[in-house]
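Novice: 3D model of this:
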Amino acid sequence: MWVLGIETATASQSVALLQDQEILAEASWSGADTRGGKLLPMVDSVLRKAGLVPGSIDAIAVSVGPGSFTGVRVGLATAKGLALGTNAFLVGVSTLEALAAGYDVLRKGTLCALLHAGRGEVYAAMYGRGDDSELKPICPESVLSPEEVASRALALIKGEIHLIGDGVDRYRDRLEAAFQGRGRITDEGVSAVPSATMVARLAFGGMQRTTAEMPRQKEVVPVYLRRAQAELNWEKGLVGSPLARLAKAAR
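Specialist: Numbers count the residues shown, from 1 in each chain. Predicted structure coming up:
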């Protein structure tokens with residue numbers, strides 16, 4: 001099965017093309033200030049490297065968040081457009097799960113995946129790995145302060161907890177204090193990012209475990225965990241309506 005993976009929910013963006021679990025081609029770039037402008041050229045690039053045309057793709061796996069609101073929307077809209085044009089399966093994958101699954105430094109134990117969410121908060125999820133190294137969620141994905149993450153983790157988990165993701169880099173001092181010596185922070189964990197390769201692998205694994213035939217256009221929706229600042233500003237009356245602004249400019 002040919003699977004195209006897309007990850008644009010974070011600043012470390014990437015695309016990858018896999019045949020089952022084998023990587024055929026991949027590309028990554030900084031998504032800072034690009035507004036998604038590099039995504040389609042990169043998709044074209046990996047397909048050319050593999051010698052494939054878009055119609056050859058069997059499934060498109062896309063990271064659906066949480067993460068950058070703009071990045072999530074760009075990735076999902078592009079994936080949906082490609083799926084419609086190629087009749088490929090469309091599969092949504094959690095950005096936090098892709099981050100955690102790609103952290104192969106930890107073969108057994110507990111890890112907490114953290115992505116910078118702005119406003120002094122992080123997107124957080126906790127996972128455990130047993131003897132079989134399979135990743136198992138411990139609690140629902142949430143948007144929390146670093147201190148709230150630590151409080152929840154220490155209440156649920158005994159022993160050391162590996163902290164990974166750019167949220168660790170952003171709030172390292174606060175996390176170290178809040179975890180009271182039980183949060184393990186390493187260079188590998190701080191630099192860990194979700195990847196399109198892992199998005200594709202998780203999607204392929206999920207499809208292999210599905211007994212019923214998947215619909216080609218299964219509803220895939222973004223996961224934001226909280227509302228955009230623009231919506232909150234609108235409700236607070238801090239942003240005028242477009243029509244009101246046009247009327248004011250015309251006077």
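Novice: Phi first, then psi, for residue 159.
Specialist: Per-residue torsions, residue 159: phi 90, psi -170 (degrees, to the nearest 10).
Novice: Quick check, it in contact with residue 184.
Specialist: No - with contacts counted by CB atoms under 8 Å, residue 159 stays clear of residue 184, the gap being 10.0 Å. All C-beta spots, glycine's among them, are computed from the backbone N, C-alpha and C.
Novice: So which of the two has more stuff around it?
Specialist: Neighbour count, other CB atoms under 10 Å: between residue 159 and residue 184, residue 184 has more, with 17 against 7.
Novice: hey, what's the more buried one bridged with?
Specialist: residue 162 (DSSP bridges).
Novice: Quick check: mean pLDDT of stretch 50-63?
Specialist: In this model, stretch 50-63 carries a mean pLDDT of 96.
Novice: So what touches it?
Specialist: Residues from elsewhere that reach stretch 50-63, judged by CB atoms under 8 Å, 6 or more residues apart in numbering: 1-9, 17, 24-25, 47, 72, 75-76, 78-79, 82-83, 85-86, 88-95, 98, 194, 196, 199-200, 202-204, 207, 220.
Novice: Just the buried ones from these?
Specialist: 2-9, 17, 24-25, 47, 72, 75-76, 78-79, 82-83, 86, 88-95, 98, 194, 196, 199-200, 202-204, 207, 220 (16 or more other CB atoms under 10 Å).
Novice: May I have stretch 40-52 as PDB, with CA atoms only?
Specialist: Once non-C-alpha atoms are left out, stretch 40-52 reads as follows in PDB (Å, rounded to 0.1, in the frame of the first residue of the first chain):
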ATOM      1  CA  LEU A  40       2.300  21.000  -2.400                       C
ATOM      2  CA  PRO A  41       5.700  21.500  -4.000                       C
ATOM      3  CA  MET A  42       7.100  19.100  -1.300                       C
ATOM      4  CA  VAL A  43       4.400  16.500  -2.000                       C
ATOM      5  CA  ASP A  44       5.300  16.700  -5.700                       C
ATOM      6  CA  SER A  45       8.900  16.300  -4.900                       C
ATOM      7  CA  VAL A  46       8.500  13.100  -2.800                       C
ATOM      8  CA  LEU A  47       6.200  11.600  -5.500                       C
ATOM      9  CA  ARG A  48       8.800  12.400  -8.200                       C
ATOM     10  CA  LYS A  49      11.600  10.800  -6.100                       C
ATOM     11  CA  ALA A  50       9.600   7.600  -5.800                       C
ATOM     12  CA  GLY A  51       8.600   7.700  -9.500                       C
ATOM     13  CA  LEU A  52       4.900   7.900  -8.700                       C
END
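Novice: For residue 110, pull up the helix or strand it's in.
Specialist: For residue 110, the host element (DSSP states H and E) is strand 109-118.
Novice: Pairing partners for whichever helix or strand comes after that strand, with directions?
Specialist: Using DSSP H and E, the next helix or strand after strand 109-118 towards the C-terminus is strand 121-129. Each strand paired with strand 121-129, and its direction, by DSSP bridges: strand 109-118 (antiparallel), strand 135-137 (antiparallel), strand 142-144 (antiparallel).
Novice: tell me the contacts of residue 8?
Specialist: Here residue 8 is in contact with 31, 36, 39, 63, 68, 71, 72, 74, 75, 78 (criterion: CB under 8 Å, 6+ apart).
Novice: now with 6 Å?
Specialist: 71, 74, 75 (CB atoms under 6 Å, 6 or more residues apart in numbering).
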